[in-house]
Every structure is written in structure tokens, then in C-alpha cells.
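Enquirer: Make a model of this:
(one chain, ligands or ions: 1)
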Amino acid sequence: MDVQFWGAAREVPGSMHLLTVNGRRILLDCGLYQGRRKHAFERNRNFPFEPSSIQAVILSHAHIDHCGNLPTLVRAGFKGKIYSTPATRDLCRHMLVDSAHIQKSDVRYVNRRRKRQGKRPFEPLYMIGDARKALGRFKGVHYGRAFEPIPGVRVTFIDAGHILGSASVVLDLTEGGRTRRLLFSGDIGRRGLPILRDPQIARDADYVIMESTYGDREHEPPSRARSYLQECAASTYESGGKLLVPAFALGRTQEIVYRMNQLWEAGDLPPVGVFVDSPLAINVTEVYAGHPECYDREMLDTMATDSDGDPLGFRRLRYVRKAEESKALNTRKGPAIIVAASGMCEGGRILHHLKNHVGKRSTTVLFVGYQAQHTLGRRLLEGSREVRVLGEPVPVRARVERADAYSAHADRTGLLDWAERVRDRGRVTRYFLVHGEEESAEALADDLRAAGTAAVEVPERGYRFTLD
Ligand SMILES: [Zn+2]
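Expert: Numbering: from 1, shown residues only. Okay, here's the model as predicted:
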């Protein structure tokens, strides 16, 4: 039996690992690779194996870099089942359809240019119909319930504490009378994150495939996440302007709302309007509300003591679904907090709000997530005096702030702690570090090597290892 690393190998996006046991194949994650457009398109479309030869997919969680290429896999002939937790399955219903919309509008943009150049048009990577076909293959299995997707492979999801429904995957692989336990971390959450339980630690692992996103960095403590919001809300009230919070629809938006609800309940939220302006974020928040089996004790206690019983809503918060209502926010008078996607300002309704307000001194833009290179978010964060928004140049006069306290990933200390606890409860002989830029993965590898007891590898894409 062996494992082969086909994505998120010495990089972050496109999580995908191929397991072969008793001659049968199973895939861990099938994430979308995101990068330069042409390269990303080729890489996502062309699998390095025959998709129809895969018998099952085990999915760790609903972030697009883990699930976003499933529609392509199905389109290319995959006929098996996709196993995930029930919450991940329900989140994917929205995430994959939204992703199909993005594929379509992306291609439309490219094709306009190709048409002018007299070139033939591209097809989208996948359509909504492909996303729906993939959704039809999902099977939800709760945490802690073992199942056997193919003979010789027994799988159990345990809580990864990263986003709703996120799992680390425990795989007991049996071939020729030998059984080995492989642990796939998925994305490892931070301890003390609101709403979710802390990451669960697997026992008796022989091999570990582990994420390393923040292997070389520490985060600010989660407690700062609330005070940042409070400070920015107070200054917005004083200036009478707008506080714009670009946020990812899945995970980050719910955390922001939870923190604002805390401020509201404590009487610490100044009298400003609060709007969550993203249909995807609203759909995702509804899925959060429908899966109390994923909540931690604090969330359950908060539900019991909250004035309206809902930690993801309060009287002054409005969820804005309709486009007209979103446009009406442009002319709304008085101070307001607007949370909108996308998190890196590459699309979505945040663009309209930036276009209208980033030129005013009374506006604050608060970044609560990672801003990749060459994104509008990154340009604002780096202090550009003028940016292009929706095709037009706009001067930047707004105050731009950034809060590092928000992250759904364990930082360096958190990752080391997780690895140590897995080692102490198991018989780990080897760690494979994935899902990190080279510097992060290598830094974590050095730290783990210094701690001794197990071999550590940072596999290249395509590297195959025999699990014996
Ligand atoms: Zn994730």
C-alpha cells in the first residue's frame, strides 16, 4: 500500500493525496488549485491519474482548496462515493455551486478578450450541473463512526476544529494481513476558536500527513479579535462613516458575527447599523445554525444565555440577500459596519462598497484574513494611494487596518503541540508535511526533527511512499 502526493505539496492550494490499498484507489480531498489562471486551469482539468479508477473520495472539509475540484473529477468519469461529515456535505451544497458560478464568470471575462484577438473561446472548468452531480455522490458520516469505503480501508472522522464540519481523517489500512494507521490532519484549527471544539487528537497513528500553513508564524491571541472590532466600531461611530470588513463567506464571517454578538450582548457595540452583505455567507450561516452537533460548550452555553438565543444574530444585525438591498446600502446615511465577501476583495459585493467609500476619510477597512499577492486587498494593505475597483480608478483616503488575531489555522506553536500530542499517543514513524509554502513546511520540519523520534518529509508533487 502506498500514498502519493498530488496537491498542496510544497504549496498551499489543491489538496489531493492518492492512496492505493490492495490495488484499489482512494482519494483524500480533491481541492481546487488556485494560482495563475492558465496554469491553474490546466492543472485542475488534467488529473495525474485516471479519475474513473478512483473508488472513493474522503473529504476533510468544505474549503474550496480541499473540495473545489470534485465537480471536475465527476465530469471526468469518477463514479464512486464522496464521504464527508454531514456538515461538510451541507456546506459543499453552497460552496460548489458558488464555485461553478465563479468558473463561469471567470471564463466569460477571458473569452471577451479572446474574441477580440480572434481566438476560440474557452469552456468553464465545470458547470453548475457538474457541481450538482458531484453533490449527488456525497455521503455524510458523523464524527467517531467508523466506515469502510473500500475493502481494507476503515475510516473515522475526528474533529479538526477548523471550520464547521472539518475533520481529521483516521485511516486503518489493511493489506496482506498487516494494518497501518494513517492520520490525515486536514486543516488543523486553533484551540479556543469560538463556536467550534478544539482539534481532537488521534491515537495510535503510524504515519501522519500534516498541514503546515503557518509552520513559521505565530498568531495574535484570539482574545484580540474582539477588541479590534470594538475599537474599529467605536471610531466608526465617532467618524459617522463606514467600517468595511472584507471576509471569507465560510468561517471568517461567522466568527466576526459571533464576536459582534458578544459586543452587543455586553452593551459594548456603539449604535451603528450592522450588515452582512453576502448571499453565500448567509447560506453558510444557515448551515452553521443547522449543525449544533458541531458546537463547543461555550457556543451551547451562549445559546442558553443569549438575549435572543442566537449567537449568530442580534437585533441590530441585518443579513442582506437581495441585490437591491445591497445597493441601497450605498446611499445609506450614518455610521455602519458592512461585512462582505470576498475576503481578498477579488470579487463579490465588497467591491461596490469599496468603490463608494474607500475615497472617504471617515471610512475604515478592516482586514481579518490573509491577503495574497496581486489582489486588491493586498494593494490596499500595502498603502496604495489609488486602486482600480470594478474597472475604475479610485483614490484611497480610508484608514486601512489589519487584525492578525483571526485565523482558523493553528500557528507554529499550535502545530508543534498537535504533532507532539499525536506522537505521544501513537507510534508515529514518519510525518509528511503538506499544505504549506516551502518556507513554512521546512521550518516546521526542522522543529519536528529537533524534537526527535520520527522521520519528517516535505514531499514534492508526485512523490510516492510505500506504507510498510
Ligand atoms: Zn481550510
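Enquirer: Would you mind pulling the contact partners of the strand or helix carrying residue 261?
Expert: Using DSSP states H and E, residue 261 maps to helix 252-265. Here helix 252-265 makes contact (C-beta atoms under 8 Å, 6 or more residues apart in numbering) with 164, 193-195, 225-226, 229-230, 233, 245, 247, 269, 274, 276, 278, 281, 284-285, 288, 306-307, 310-317, 337, 339, 341, 343, 368-369, 406, 408. For every residue, glycine as well, the C-beta is placed using N, CA and C.
Enquirer: Return the set of buried residues in it.
Expert: Across helix 252-265, burial judged by 16 or more other C-beta atoms under 10 Å covers 252-265.
Enquirer: thinking again about what came up before, would you mind giving me the PyMOL syntax to select the buried ones in the contacts of helix 252-265?
Expert: To isolate the buried members of the contacts of helix 252-265 in PyMOL, using 16+ other C-beta under 10 Å:
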select buried, resi 164+193+194+195+225+226+229+230+233+245+247+269+274+276+278+281+284+285+288+306+311+312+313+314+317+337+339+341+343+368+369+406+408
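Enquirer: picking that back up, going by distance to the ion, which of the buried residues of helix 252-265 wins?
Expert: Proximity of the buried residues of helix 252-265 to the ion was ranked by C-beta to the ion; the top entry is residue 252 with 10.9 Å.
Enquirer: now residue 268: how far from residue 276?
Expert: Taking C-beta to C-beta, to the nearest Å as the measure, residue 268 and residue 276 are separated by 19 Å.
Enquirer: Can you say which helix or strand has the closest residue to the ion within the stretch 151-300 of the chain in it?
Expert: The minimum distance from the stretch 151-300 of the chain to the ion, using C-beta to the ion, falls at residue 187 (3.7 Å). Under DSSP H and E, no helix or strand contains residue 187.
Enquirer: Now do the contacts for it.
Expert: Here residue 187 is in contact with 60-61, 63, 66, 160, 162-163, 166, 211, 213, 408-409, 435 (C-beta under 8 Å, 6+ apart).
Enquirer: In space, not sequence, find me the middle residue of this structure.
Expert: Centroid-nearest residue in the chain: residue 63, 3.7 Å away (criterion: C-alpha atoms, centre = their mean).
Enquirer: dump the residue contacts of that one.
Expert: So residue 63 contacts 31, 95, 163, 187, 250, 251 (C-beta under 8 Å, 6+ apart).
Enquirer: repeat for residue 300
Expert: Here residue 300 is in contact with residue 292 (C-beta under 8 Å, 6+ apart).
Enquirer: In terms of helices and strands, where is it?
Expert: Assigned by DSSP H and E, residue 300 falls in helix 297-305.
Enquirer: partner residues bridging residue 456?
Expert: residue 431 (DSSP bridges).
Enquirer: what's the neighbour count on it?
Expert: Residues lying near residue 456 (other C-beta atoms under 10 Å) number 21.
Enquirer: Given the next helix-or-strand element following the helix holding residue 261, what are its sheet partners and their directions?
Expert: Next helix or strand after helix 252-265 toward the C-terminus (DSSP H and E): strand 273-276. When pairing is defined by DSSP bridges, strand 273-276 lines up against strand 317-319 (parallel), strand 336-340 (parallel).
Enquirer: Using CSV, write out every CA atom in strand 273-276.
Expert: Output of strand 273-276 as CSV, limited to C-alpha atoms (Å, rounded to 0.1, in the frame of the first residue of the first chain):
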residue,chain,number,x,y,z
GLY,A,273,-26.0,49.6,11.7
VAL,A,274,-24.5,46.2,11.1
PHE,A,275,-24.9,44.4,7.8
VAL,A,276,-23.7,41.0,6.5
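Enquirer: picking that back up, mind listing which of the contacts of residue 187 are in strands?
Expert: residue 211 (DSSP state E).
Enquirer: What's the PyMOL line that selects buried ones from the contacts of residue 187?
Expert: The buried residues among the contacts of residue 187 can be selected in PyMOL (16+ other C-beta under 10 Å) with this line:
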select buried, resi 60+61+63+66+160+162+163+166+211+213+408+409+435
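Enquirer: ok now the longest helix anywhere in the chain, how far from the chain's centre?
Expert: Longest helix of the chain, by residue count under DSSP state H: helix 86-116. With C-alpha atoms, centre = their mean, to the nearest Å as the basis, helix 86-116 stands 16 Å off its chain's centre.
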